[in-house]
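Asks: pasting the sequence and the predicted model now:
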Amino acid sequence: MKFTPELEIPGGRIKPLHYDDIDGLFALYQNPEIPGQRPLEDKEQLNRMIEYSVQMAATQRGMMWAIETDGQIKGLVSGYDWQPSELRIVMRVDGLPSLSQKERADALQAAINFLSSKYHVRNFAYQWIDGQPVSIKDMLVECRFQKAACFRGAWRTGNTEFADVEQYHWISSAEKPVPRRLGDDDQLGQNLSASKEGDDR
Amino acid sequence: MSWNFETEHFNVRLPVSDQDGEALYALLSQNDAVAHIPRQAMNIEAQALDELRRIAMRFESREAAFWLVERKSDSKVVARLGIQHINWMMLNSRFQWELDQECDLTVLQEVLPVVMTYLFNELHLHRLEMRLRAGDEKQTQLLKALGFSYEGTLPSVSEFEGQDVDLDIFSLLSGELLA
């Protein structure tokens, strides 16, 4: 069962995380964008992250894509804190310095379009942490996100240091899905069949 | 380290599962006490007993803590205060209250300092956040009078009684309580 699809973006694609991409992902985690986050030291941890990415998608808790342009992994676009029954999710893009704002926006938009059309997610949030590039906020506005709140001191950057978090939202105007008769077209075990060895994820 | 406190007129204590069912039901069956969350008021006492069991389990795992505010003069429970979604890494938590109509600003100004002092000084939390249905004037006035700051409104966070619910966000950082 394939949960995270590969999606085209201008100049490249966003694609499910794969064990072949570990070097690229490791390079990404050497440049953490989140204030207070340290560079990843143990490459092995990425194996687990890839496993989690499959499990998260299968159980509708989150979804992760690698952003690949010019044949190079330049970032990650992900959704987390997914609340399927409330049709909402929090999005995030992490990138190498070489990932342009345009590529960020394209990757974010592709992920949002997929989650919106396939899973009827309507409420997309994005958290910007004080200390991240301000250009990310411009990118969010370009993607029609609106600032909803600023959480004071909500992100811990050190033992006694805290940063503010701005939360942005984009609400889809699509109609909410109408529930079908439950049980029709069900696929038994649909969330259990993804495996590390197989191509399905 | 005790989680139970006392002020001049009130006991602020963790609930007792097999004793507080009736008092908790009397509080949480009031629509006015829970409408800001928003949540349905309880309509049978067994719900309060279930809630007490849940509270005990959540407290054991340090996932949440809820206190009953009991008036000394007549043992009436006039409020429940609580923290949940505790993030021990970020040192923050969601704060929640359910207030009887007899619990006003004066009562809160007496009982909140002992709870907040404990949360900020003993548990070393840095930030408490309260989320409530957008536009609740009464709750907003209380929060502001106590030193909470309005941070914004999150749109369409959930559905309640067929309506999308927006939530106002208020926060209190360590040292900000006005009482």
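Replies: Structure's in. What do you need?

Asks: what is the neighbour count of residue 175?
Replies: Answering for chain A, as no chain was given. Using other CB atoms under 10 Å in any protein chain shown, A:Glu175 is surrounded by 8 other residues. For every residue, glycine as well, the C-beta is placed using N, CA and C.

Asks: nope, chain B please
Replies: Neighbour tally, B:Gly175, other CB under 10 Å: 10.

Asks: one more: A:Tyr19?
Replies: 12.

Asks: check B:Glu51 too.
Replies: Neighbours around B:Glu51, by other CB under 10 Å: 20.

Asks: grab the nearest non-local neighbour of B:Lys72.
Replies: Nearest residue to B:Lys72, sequence neighbours excluded (CB to CB, 6 or more residues apart in numbering or on different chains): B:His9, at 5.7 Å.

Asks: ok, now which ones touch that neighbour?
Replies: B:71-73, B:107, B:110 (CB atoms under 8 Å, 6 or more residues apart in numbering or on different chains).

Asks: same question for B:Leu24.
Replies: When contacts are counted by CB under 8 Å, 6+ apart, B:Leu24 touches B:15, B:48, B:51-52, B:68, B:77, B:80.

Asks: which one among these gets closest to chain A?
Replies: Closest approach to chain A among the contacts of B:Leu24 (CB to the nearest CB): B:Glu51, at 21.7 Å.

Asks: related to what we said a few turns ago, biggest separation within the contacts of B:Leu24, which pair?
Replies: Within those, B:Glu51 and B:Val77 form the most distant pair, 12.9 Å apart (CB to CB).

Asks: how close does the residue lying closest to A:Glu161 once chain neighbours are set aside get to B:Asp136?
Replies: Counting by CB to CB, 6+ apart, A:Glu161 lies nearest to A:Gly36, which is 7.8 Å off, once chain neighbours are set aside. A:Gly36 sits 34 Å away from B:Asp136, taking CB to CB, to the nearest Å as the criterion.

Asks: before we move on, what about B:Val34?
Replies: Using CB to CB, B:Val34 is found at 12 Å from B:Asp136.

Asks: those two: which is more packed in?
Replies: Taking other CB under 10 Å, B:Val34 and B:Asp136 do not tie; B:Val34 has more neighbours (19 against 16).

Asks: wait, the more buried one touches B:Ala41, no?
Replies: Yes: using CB atoms under 8 Å, B:Val34 is in contact with B:Ala41, at 5.5 Å.

Asks: give me the common contacts of the two.
Replies: Jointly contacting B:Val34 and B:Ala41 under the rule CB under 8 Å, 6+ apart are B:Leu28.

Asks: interface residues of chain B facing chain A?
Replies: Contact residues (CB under 8 Å from any CB of the partner chain) of chain B with chain A: B:89-92, B:126-127, B:129, B:149, B:151-159, B:169, B:171, B:173.

Asks: buried subset of those as a ChimeraX selection?
Replies: If you want just the buried ones from the residues of chain B next to chain A in ChimeraX, going by 16 or more other CB atoms under 10 Å in any protein chain shown, the selection is:
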select /B:90,91,92,126,127,129,151,152,153,154,155,156,157,158,169,171,173
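
Asks: got a list of what the residue nearest to A:Glu161 touches?
Replies: Residues counted as contacts of A:Gly36 (CB under 8 Å, 6+ apart) are A:155-158, A:161, A:163.

Asks: repeat for A:Gln132
Replies: Neighbouring residues of A:Gln132 by CB under 8 Å, 6+ apart: A:33-35.

Asks: kindly recompute the last result at 7 Å.
Replies: The contact partners of A:Gln132, taken as CB atoms under 7 Å, 6 or more residues apart in numbering or on different chains, are A:33, A:35.

Asks: that one and A:Asn123: what is the separation?
Replies: Applying CB to CB, the value for A:Gln132 to A:Asn123 is 22 Å.

Asks: measure the residue nearest to A:Leu25 when sequence neighbours are not counted to chain B for me?
Replies: Nearest non-adjacent residue to A:Leu25, counting by CB to CB, 6+ apart: A:Leu46, 5.3 Å away. According to CB to the nearest CB, to the nearest Å, A:Leu46 and chain B sit 21 Å apart.

Asks: tell me the spacing between A:Leu46 and B:Glu159.
Replies: A:Leu46 sits 38 Å away from B:Glu159, taking CB to CB as the criterion.
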